[in-house]
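Student: would you be able to build a 3D model of this:
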Amino acid sequence: MAAGTILTGGHLDFVADGVGNETALARIMALVGEARRYRAPVQQLVDRVAAWFVPAVMLAAVAAWLVWTFGLGRPEQGLEALLAVLLVACPCALGLATPMSLVVGIGAGARAGVLVRNAGALEKLARAEVVMLDKTGTLTRGRPEIRTIEPAPGVTETELLRLAAAVERFSRHPLARAVTRAAERAGVVPPEAADFTEYPGGGVSGTVAGETIFIGNPAWLVRRSFACGEPQTAAPDASVIAVMRGGECAGFLLAADELRPDAAASVAALRASGLTPVLLTGDREAAAQSVAKRLGIEDVRAGMLPEEKYRAVQTSRARGAVTAMVGDGVNDAAALAAADVGIAMGGGADVAAENAGIVLPGGDVAALLRARRLGRAVGRNIRENLFFAFFYNLLMIPLAAGVFYGILGWMFHPVLGSLAMSLSSVSVIGNALRLRRVKL
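Tutor: Numbering: from 1, shown residues only. Here you go, the predicted structure:
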């Protein structure tokens, strides 16, 4: 079995034939680590301003004091100007502009079924140009059912189900669960299996009654030098599970998974919002094309291994496109980490959620639209807050320094400066709180 496999019941006896960097999980996590090393942190405008704002205010205050005290010979006004500039300058408003919007926005998202694990993911999602979508569990319900059983000559349907269920019962993959459910419905009791191994993005293997059994998609089996062919049953939208026994094809199981009810409308809405959808799946070409046609997705990549999904995301980013990745399985973890913003569907593998900046607990594609609208609303709110903070300081600092004394005929008292500073912070907080009422 692969490291990281979860035992949901019963007991387990095993011998470790691969440890450390030799395990399948370690290879996937190595890709995740590589992606994280190249992820750039979000740089907010306020961070760029912080380096010069405080020194600039200090210089402005000293300059005002020098001009009034020595240039104009009015030391009292010079002291007032010095204190007023120091009090009226409001780094508080600048400091609150971004975090207040993010905190309120994240809370609004949680109420709308969007959990934000990385605040920077919201800003990136608002600017995303490409969204790469996994198929099973993301666009489909993630609960496929076996529709057709096609045994090879000399093999019965019951025997084919027994072999497949014996090995697949150790896996948590949706297709594996479909096989075990089909066996249960048929009243088939699977025999004991040993030496279970799971190959992410490919299939599983095990030993039943002394015979080596490989189960997986035909393309993966061909890469392992098995000549399994294709099923005779015409089912373009079905996922094909080939069963190999002792190097010979024992038959095929065809599983169909229903699209999520909101998938077509959500994909159309994503495209209308400026996103280019791309379908990434480990499933065969025919099944992928069938789903893509119904959803109106033109760019389809089928038969992809976890490494290939990872490289597809990297390639998209290398072309300069801000890329989002949506998935729910272990196979998607590296791609989620490599994307500008990774989005995990609720109910999927823990490792997928761990490497995503945004989690959609409800598992519906429509929540992705809500997340994008939230990201845009938060970004707009941050810009408004920064405008308020900058406009306030650009206006009030010269006023406090006495630049407009010749026009107004009065000095800005330090007490008014402290009051104005408080009001600027209140304005930023009040504007951020408007996000609680944003319609997602």
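Student: tell me the contacts of N331?
Tutor: I28, D134, P200, G201, G282, L305, P306, K309 (Cβ atoms under 8 Å, 6 or more residues apart in numbering). Quick note: C-beta positions are derived from backbone N, CA and C, even for glycine.
Student: try A312
Tutor: Counted by Cβ under 8 Å, 6+ apart, A312 has contacts M132, V278, L280, R301, M304, A335.
Student: and these, which is the shakiest by pLDDT?
Tutor: Among these, M304 carries the lowest pLDDT, at 88.
Student: which residues of the protein fall in strands?
Tutor: With strands called from DSSP state E, the chain shows them at 115-116, 130-134, 145-151, 193-199, 203-208, 211-216, 239-245, 248-256, 276-280, 299-301, 323-327, 341-345, 358-360.
Student: which of the ones you listed sits closest to M421?
Tutor: Taking Cβ to Cβ, strand 115-116 is the member of these nearest to M421, at 30.7 Å.
Student: and A164, how far is that from L221?
Tutor: Going from A164 to L221 by Cβ to Cβ, to the nearest Å gives 14 Å.
Student: thinking again about what came up before, okay, among the contacts of N331, which ones form the most distant pair?
Tutor: I28 and D134 (14.6 Å).
Student: looking at these two, which is more packed in?
Tutor: Using other Cβ atoms under 10 Å, the more surrounded residue of I28 and D134 is D134, with 29 against 26.
Student: setting aside sequence neighbours, what's the nearest residue to the more buried one?
Tutor: Leaving aside its sequence neighbours, D134 sits nearest to G327 (Cβ to Cβ, 6 or more residues apart in numbering; 3.8 Å).
Student: looks like that neighbour contacts V131 (just checking).
Tutor: No. In terms of Cβ atoms under 8 Å, G327 does not count as a neighbour of V131; the distance is 11.1 Å.
Student: who's more crowded, the two?
Tutor: The residue with more neighbours, out of G327 and V131, is G327; 31 against 25, by other Cβ under 10 Å.
Student: burial count for A227?
Tutor: Using other Cβ under 10 Å, the number of residues around A227 comes to 11.
Student: same question, L59
Tutor: By other Cβ under 10 Å, 12 other residues sit near L59.
Student: roughly how far does it sit from L87?
Tutor: L59 is 16 Å from L87, by Cβ to Cβ.
Student: would you reformat the strands of the chain as TSV and include distance to G430?
Tutor: Output for the strands of the chain, formatted as TSV (distance: least, Cβ to Cβ, whole Å):
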stretch	distance to G430
strand 115-116	22
strand 130-134	34
strand 145-151	53
strand 193-199	54
strand 203-208	57
strand 211-216	58
strand 239-245	53
strand 248-256	53
strand 276-280	37
strand 299-301	44
strand 323-327	31
strand 341-345	29
strand 358-360	27
